[in-house]
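Chemist: Mind looking at a prediction? Sequence and model below.
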Amino acid sequence: MTPNDSLERWINWLNDPEVMAPLNNPVRAYRADQLKALIASADNQRRYLVGVFDLAEKGQIGLFQIEIDSFHRRAMFSVVIAEKSWWGKGLVNETREALLDEFFNNRGIEKVAGMPFARNFPAIFNYKPQG
């Protein structure tokens, strides 16, 4: 992702209690400059922000944040599909599978974890089929 990607959508997502509640985050009134700084903080070495896009519409529908511990060759994955029309369509597992392949096969990662909150039922539902 770049600081110019879908900032208006992000701002809407951050202000939507339905999107933020499963992440255990309050709604936030981010400004575009704050989001640009957040996106720019991803260095693609220790921290990645990977956008999830609707290929037909060309719009962003969610994102992964991936934190890397290179010493232990470990990654921590977090994901949000924020566009509600995509909820329940298997997109999380489809995109996470591609990212797992990339990080295991090409980026030297040996262990990956995700830690959904106990009440984040959509995340728990998505983790089960992936073991």
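Modeler: Noted; the coordinates are in hand.

Chemist: what's around residue 85, how many residues?
Modeler: By other Cβ atoms under 10 Å, 9 other residues sit near residue 85. Any C-beta I mention is one placed from the backbone N, CA and C, and that applies to glycine too.

Chemist: if I've got this straight, it is in a helix?
Modeler: Yes - with DSSP: H, G, I helix; E, B strand; the rest coil as the criterion, residue 85 is located in a helix.

Chemist: What distance do you get for it to residue 62?
Modeler: Distance, residue 85 to residue 62, by Cβ to Cβ, to the nearest Å: 11 Å.

Chemist: ok, now residue 122?
Modeler: 12 Å.

Chemist: which of those two has more neighbours?
Modeler: residue 62 (22 against 14).

Chemist: can you give me the helices for this protein?
Modeler: 7-14, 17-20, 32-40, 91-106, 121-127 (DSSP state H).

Chemist: Tell me which other helices or strands the helix or strand bottoming out on mean pLDDT in the chain touches.
Modeler: Lowest on mean pLDDT, DSSP states H and E among the helices and strands of the chain sits helix 121-127, with a mean of 72. On a contact count with 3 or more Cβ pairs under 8 Å, 6 or more residues apart in numbering; DSSP states H and E, helix 121-127 meets helix 91-106.

Chemist: Are there helices or strands packed against the helix it packs on, and which ones?
Modeler: Helix 91-106 sits against strand 47-54, strand 59-69, strand 74-81, strand 111-113, helix 121-127, with contacts defined as 3+ Cβ pairs under 8 Å, 6+ apart.

Chemist: Pull out the buried residues from that helix.
Modeler: 91-93, 95-96, 99-100, 103 (16 or more other Cβ atoms under 10 Å).

Chemist: Going by distance to residue 27, which of those residues wins?
Modeler: Lowest distance from residue 27 to the buried residues of helix 91-106 (Cβ to Cβ) belongs to residue 92, with 21.7 Å.

Chemist: Out of the helices of the chain, which gets nearest to residue 112?
Modeler: Of all the helices of the chain, helix 91-106 comes closest under Cβ to Cβ, at 6.2 Å.

Chemist: Run through the bridge partners of residue 112.
Modeler: For residue 112, the beta-bridge partners are residue 75 (DSSP bridges).
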